[in-house]
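J.: Sequence isn't available, so here's the structure alone:
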Ligand code: PMP
């Protein structure tokens, strides 16, 4: 492989639009050392870290508020219910949803997408119908639709992308047809960071009366989202990529659509009454929340939303753009590095390969330098196929990252080059 030249480290001149060190101090895990090196956590696309206020909120719930919700008349049950429903209102405000009942708590993005597949897909998509997805999708926004296609005899249509990783709108316009029943598209690609042109995608679909589902897993922590302004029909995300806990996610759906959908799972809490003759389902959102939900995680997500809105998504995005620009500039100067995904509009993700070295080996050596990155196909194998690669190395940024962590990444890559020369 090519020997990486030593590149001059650009002095970190730009400052974050907030007190970065004070903010970092709120994330205890960022103080870890990996062997001799400080941790440079650049795997935020997989999961971001939790700040102390979120950890404290979870602990407080467990110590002083825990009980099952919606059914008890005692103090703890009422307290837990109020906190859980309060978290729903926080999500509603965060997404600017018109109504609280449009926010359904799920286990995560995957669960939300499967809910739409079962509740909407199975009810309204039949033989010969078409579902449009894009080349950039995560497997969780491909496989449920393929399952539906197998079951119902409908077809998947795929929006292609160019060599920069940008979706081709002309091709999309041609895919939309009389049999299109749903467009299911990512807001931000987890493998490349490309931001989808949602305005155009949604307007074109709506002109034909086709609903649009947006996978916002990689977007909500980096782009302000207003579901009413977007006018999307469904929007989903996961708590653990938004400085919150695992095991919790959100499906937003327009009330009129949710009302018409079938429940995803049957059980407690999703019913108004049950007899062996007839069961009457509960109102939305409860119709889609069968069984005991992840109560603590939902409350933790509410605290994460408070935290992130306290910082400001716009200000976070501004700083993350600086980090991404700096990393792009630095890595572009490294011989042997090929950046994968160079879209004009990108958020927080830098994917690359290093000539002659498998991404897993790159990741292993980077780990020795304290740098946490993701290597592999990122659960987006069709994108990898589009670029003729089995895998990439992915650095993904969050509001707490520093420019010198990019330098640490570059130093680690120079070490990879020396080892594999
Ligand atoms: N969609 C995208 C774009 C993602 O990045 C991810 C997580 N990598 C998912 C969906 C699935 O999210 P989860 O595993 O939290 O359900």
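T.: Yep, it's here. In this text the structure is predicted, and so the values were computed from the model without any measurement. Numbering: from 1, shown residues only.
J.: Spell out which residues of this protein are next to the ligand.
T.: Within the chain, the positions near the ligand by Cβ under 6 Å from any ligand atom are 108-110, 138, 140-141, 186, 190, 215, 217-218, 238, 379. (Each C-beta comes from the backbone N, C-alpha and C, glycine too.)
J.: let's see it at 8 Å
T.: Within the chain, the positions adjacent to the ligand are 45-46, 107-113, 137-141, 186-190, 215, 217-218, 238, 240-241, 246, 249, 378-380 by Cβ under 8 Å from any ligand atom.
J.: Sort out for me which of the residues you listed are in helices.
T.: Secondary structure from DSSP state H places 109-113 of the residues of the chain next to the ligand in helices.
J.: So which of the residues you listed wins on neighbours?
T.: Compared across these, residue 112 has the highest neighbour count, 30 neighbours, by other Cβ atoms under 10 Å.
J.: Now do the same contact list for that residue.
T.: Neighbouring residues of residue 112 by Cβ atoms under 8 Å, 6 or more residues apart in numbering: 104, 106, 234, 236-237, 249-251.
J.: what do you get for residue 197?
T.: By Cβ under 8 Å, 6+ apart, the residues touching residue 197 are 167, 169, 345.
J.: Format those residues as JSON lines; extra columns: pLDDT.
T.: Output for these, formatted as JSON lines (pLDDT from 0 to 100):
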{"residue": "167", "pLDDT": "98"}
{"residue": "169", "pLDDT": "98"}
{"residue": "345", "pLDDT": "97"}
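J.: Quick check on those residues: which are buried?
T.: Among the contacts of residue 197, those scoring as buried are residue 167 (criterion: 16 or more other Cβ atoms under 10 Å).
J.: Just the ones of the contacts of residue 197 in helices?
T.: Judged by DSSP H, these include residue 169 as members of helices.
J.: In the stretch 201-350 of the chain, what residue spans correspond to strands?
T.: Assigned by DSSP state E, counting those that start in this stretch, the stretch 201-350 of the chain shows strands spanning 212-215, 234-238, 249-253, 271-274, 279-281, 337-340, 349-354.
J.: Can you redo those as CSV, where the extra columns are mean neighbour count?
T.: Below are the strands of the stretch 201-350 of the chain laid out as CSV (neighbours: other Cβ atoms under 10 Å):
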stretch, mean neighbour count
strand 212-215, 27
strand 234-238, 28
strand 249-253, 28
strand 271-274, 12
strand 279-281, 13
strand 337-340, 19
strand 349-354, 26
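J.: In a markdown table: the ones you listed, plus distance to residue 180.
T.: Output for the strands of the stretch 201-350 of the chain, formatted as a markdown table (distance: least, Cβ to Cβ, whole Å):
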| stretch | distance to residue 180 |
| --- | --- |
| strand 212-215 | 11 |
| strand 234-238 | 15 |
| strand 249-253 | 19 |
| strand 271-274 | 34 |
| strand 279-281 | 29 |
| strand 337-340 | 30 |
| strand 349-354 | 29 |
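J.: how about CSV for these, with mean pLDDT and distance to residue 326 added?
T.: As requested, the strands of the stretch 201-350 of the chain are arranged in CSV below (pLDDT from 0 to 100; distance: least, Cβ to Cβ, whole Å):
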stretch, mean pLDDT, distance to residue 326
strand 212-215, 98, 28
strand 234-238, 98, 27
strand 249-253, 98, 31
strand 271-274, 95, 54
strand 279-281, 96, 52
strand 337-340, 97, 14
strand 349-354, 97, 10
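J.: Quick one: residues contacting the nearest residue to residue 328 once chain neighbours are set aside.
T.: The shortest distance from residue 328 to any non-neighbouring residue, by Cβ to Cβ, 6 or more residues apart in numbering, is to residue 350 (6.2 Å). Residues near residue 350 by Cβ under 8 Å, 6+ apart: 193, 324, 327-328, 331, 339, 394-397.
J.: separation between residue 350 and the ligand?
T.: Taking Cβ to the nearest ligand atom, to the nearest Å as the measure, residue 350 falls 15 Å from the ligand.
J.: Check residue 118 too.
T.: When distance is defined by Cβ to the nearest ligand atom, residue 118 is 15 Å away from the ligand.
J.: how many other residues sit next to that residue?
T.: Neighbours of residue 118 under the rule other Cβ under 10 Å: 19.
J.: Surely it is in a strand?
T.: No - according to DSSP: H, G, I helix; E, B strand; the rest coil, residue 118 belongs to no strand; its state is helix.
J.: Appreciated, that's everything.
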